[in-house]
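**Q** When you get a sec, could you give me coordinates for this:
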Amino acid sequence: MTTARRKTRPGIVADLVRRPQVSWNCLRVWQRDRDAYMKYYKLSLLGSLGDPLLYLFAMGYGLGRFLEQMEGMSYMAFIAPGLVISSAMFSASFECTYSAFLRMIYMKTYDAILATPLTIEDVVAGDILDYAEFFVPDDAVTYDAKAFDKRLRNAPGAVDLLARFAASLAGTPNWDAQALEACLKEFVAAEEIKIGGIIHAVRVALTGKGVGFGLYDAMAILGEKSCLARMQRAVHEARQENP
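**A** The predicted structure follows:
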């Protein structure tokens, strides 16, 4: 038993550390995900918007009738930001956990895909392609025109704030989500601004979009070099158009 086990270990280790063999067939997985989403996107949007609105009315107006003030503000104003954040977190985690679980265990979607010439690597790469615009060279990020105008070009002081924030991040010892969140909060306190005055500009600079998954996680995934390069590029682009 010991000898047989020893013989299999090198093969197991090799499978774990080998380079993924991804082919162009992964585009078919992305196409399948797109076609499936287009069939139920209206229902998905209804649920994503309906749940927080339901809780807002039930708790904001219902429970809010008995709680006049919370930390100097109305209960409605106190609870609304938390409902928005929890809804966004739930939608993202649901898609990445329970939806994947359903496709794997009950719907057998992955089994059906693997019955074709596609490999496991193709399946994983195809799911990642839903966020393909995020994984591009730093000088190839495409900006959403409306988001760029609103958060950078036409936002008073946003370009200078972004430049100073990028400078403050240079040489950050720990480039992880928790440390980056602390850095942003320290910058906000030092500049005496609200967090919304900088966080939206950073998101647009890094991803080209006004919305997306967690900013601090995105920064940790991109790494220091890419984050600084993308922010400096956004500053340059905005200053070129508004010298």
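
**Q** Could you list the domains of the chain?
**A** Taking automatic domain parsing as the reference, the chain has its domains at 26-134, 138-241.

**Q** got JSON lines for the ones you listed, with mean pLDDT too?
**A** Formatted as JSON lines, the domains of the chain follow (pLDDT from 0 to 100):
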{"stretch": "domain 26-134", "mean pLDDT": "78"}
{"stretch": "domain 138-241", "mean pLDDT": "89"}
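
**Q** Tell me which of these sits most buried.
**A** Highest mean neighbour count of the domains of the chain: domain 138-241, a mean of 16 (counted as mean count of other Cβ atoms under 10 Å). Quick note: C-beta positions are derived from backbone N, CA and C, even for glycine.

**Q** Report the separation between Tyr40 and Gly47.
**A** From Tyr40 across to Gly47, the span is 10 Å (Cβ to Cβ, to the nearest Å).

**Q** no wait, Met70
**A** Applying Cβ to Cβ, the value for Met70 to Gly47 is 28 Å.

**Q** Next: Val29.
**A** Distance, Val29 to Gly47, by Cβ to Cβ: 24 Å.

**Q** How about Arg65?
**A** With distances taken as Cβ to Cβ, Arg65 is found 27 Å from Gly47.

**Q** same deal with Ala177?
**A** To Gly47, Ala177 is 28 Å away according to Cβ to Cβ.

**Q** can you check Tyr106 too?
**A** In terms of Cβ to Cβ, Tyr106 sits 19 Å off from Gly47.

**Q** same deal with Ala167?
**A** To Gly47, Ala167 is 42 Å away according to Cβ to Cβ.

**Q** Next: Arg239.
**A** Per Cβ to Cβ, Arg239 is found 42 Å from Gly47.

**Q** Helices of the chain, start to end?
**A** 2-17, 26-55, 75-96, 98-101, 109-114, 120-128, 145-148, 158-169, 177-191, 196-207, 215-222, 224-241 (DSSP state H).

**Q** Nearest to Asp138 among those would be which one?
**A** Among these, helix 224-241 comes nearest to Asp138, with 4.2 Å by Cβ to Cβ.

**Q** List phi and psi for the closest residue to Lys150 other than its chain neighbours.
**A** In space, and not counting its chain neighbours, Lys150 is closest to Gly210: 7.1 Å by Cβ to Cβ, 6 or more residues apart in numbering. Main-chain dihedrals, Gly210, degrees, to the nearest 10: phi -90, psi -20.

**Q** hang on, isn't Gly210 packed against Ala201?
**A** No: applying Cβ atoms under 8 Å as the test, Gly210 and Ala201 come out as separate, 10.1 Å apart.

**Q** Starting from Gly196, give me the distance back to the nearest residue to Leu206 once chain neighbours are set aside.
**A** Distance criterion Cβ to Cβ, 6+ apart; nearest residue to Leu206, sequence neighbours excluded, is Arg230 at 5.1 Å. Computed as Cβ to Cβ, the Arg230 to Gly196 distance reads 20 Å.
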